[in-house]
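**Q** how would this look folded up:
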Amino acid sequence: MSDQPGLNAEAKKVLLRKIPHGVFICGVTEGEEVNGFTASWVTQGSFEPPLVVMAVRADSTSNGIIQRTRRFSLNVLSSDQKDLAAVFFKPQKAMGGRFDAAPFSFGPLGLPILNDALGGVECELVGQVAHGDHTVFVGEVKSAVLHRDASALELSSTGWQYGG
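**A** Coordinates of the predicted model:
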């Protein structure tokens with residue numbers, strides 16, 4: 001896949017990587033299956049109703065689950081939880097394996113909320129745009145669980161790069 005004529009690929013990469021991102025754990029359930037992944041392309045999209053916007057790889061298992069169930073959770077990690085984020089960032093052959101290392105409880109909508117995270121929100125899907133290699137999901141926040149308040153994990157502090 002080639003870049004567009006006139007697009008400076010190196011400049012694009014450097015500049016797009018300057019967009020600040022948090023690091024979150026998205027959780028999904030389908031039947032008895034529980035899955036999760038590290039998400040960094042996330043932002044708040046509206047106050048009323050409260051909306052979050054998240055981009056998810058189009059070819060991922062969790063993308064399909066979100067499309068079918070129309071629900072997802074977003075867990076906010078504290079600034080010292082890079083190791084926990086890494087558990088969910090690594091590819092897994094079997095669904096659910098990541099949650100073996102991360103105790104969780106189900107929220108009111110039946111979605112995983114990590115016990116050690118700052119907290120999490122459960123969302124119902126209200127919109128999506130499928131274009132490119134990610135699907136952009138818009139979720140309305142239906143529940144919120146706060147375990148504690150502290151600084152949140154940001155991608156820039158991890159040394160990881162996702163974007164560009």
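**Q** OK, contacts around Ala150?
**A** Counting by Cβ atoms under 8 Å, 6 or more residues apart in numbering, Ala150 touches Ser78, Ser79, Leu118. For every residue, glycine as well, the C-beta is placed using N, CA and C.
**Q** for the residue lying closest to the first one once chain neighbours are set aside, phi and psi?
**A** Nearest non-adjacent residue to Ser78, counting by Cβ to Cβ, 6 or more residues apart in numbering: Ala150, 4.7 Å away. Ala150 adopts backbone torsions of phi -160, psi 180, taken as degrees, to the nearest 10.
**Q** Could I get the contacts of Ala150 in TSV, plus columns for secondary structure, pLDDT and distance to Phe99?
**A** Formatted as TSV, these follow (DSSP: H, G, I helix; E, B strand; the rest coil; pLDDT from 0 to 100; distance: Cβ to Cβ, whole Å):
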residue	secondary structure	pLDDT	distance to Phe99
Ser78	strand	93	18
Ser79	coil	94	22
Leu118	coil	96	18
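**Q** buried subset of these?
**A** Among the contacts of Ala150, the ones that count as buried by 16 or more other Cβ atoms under 10 Å are Ser78, Leu118.
**Q** Identify, from the contacts of Ala150, the entry nearest to Met54.
**A** Nearest to Met54, judged by Cβ to Cβ, of the contacts of Ala150 is Leu118 at 17.1 Å.
**Q** Could I get the contacting residues of that closest one?
**A** Leu118 neighbours (Cβ under 8 Å, 6+ apart): Asn75, Val76, Leu77, Ser78, Leu146, His147, Arg148, Asp149, Ala150, Ala152.
**Q** which phi and psi does it have?
**A** phi -60, psi -30.
**Q** For my notes, confirm Ala85 occurs in a helix.
**A** Yes - counting by DSSP: H, G, I helix; E, B strand; the rest coil, Ala85 is located in a helix.
**Q** rewinding a little: do you know the pLDDT at the residue nearest to Ser78?
**A** Note on Ala150: pLDDT of 93.
**Q** so which of the contacts of Ala150 comes closest to Ser46?
**A** Out of the contacts of Ala150, the member with the shortest distance to Ser46 (by Cβ to Cβ) is Leu118, at 21.4 Å.
**Q** just to revisit the earlier point, which among the contacts of Leu118 count as buried?
**A** Among those, the ones that count as buried by 16+ other Cβ under 10 Å are Asn75, Val76, Leu77, Ser78, His147, Ala152.
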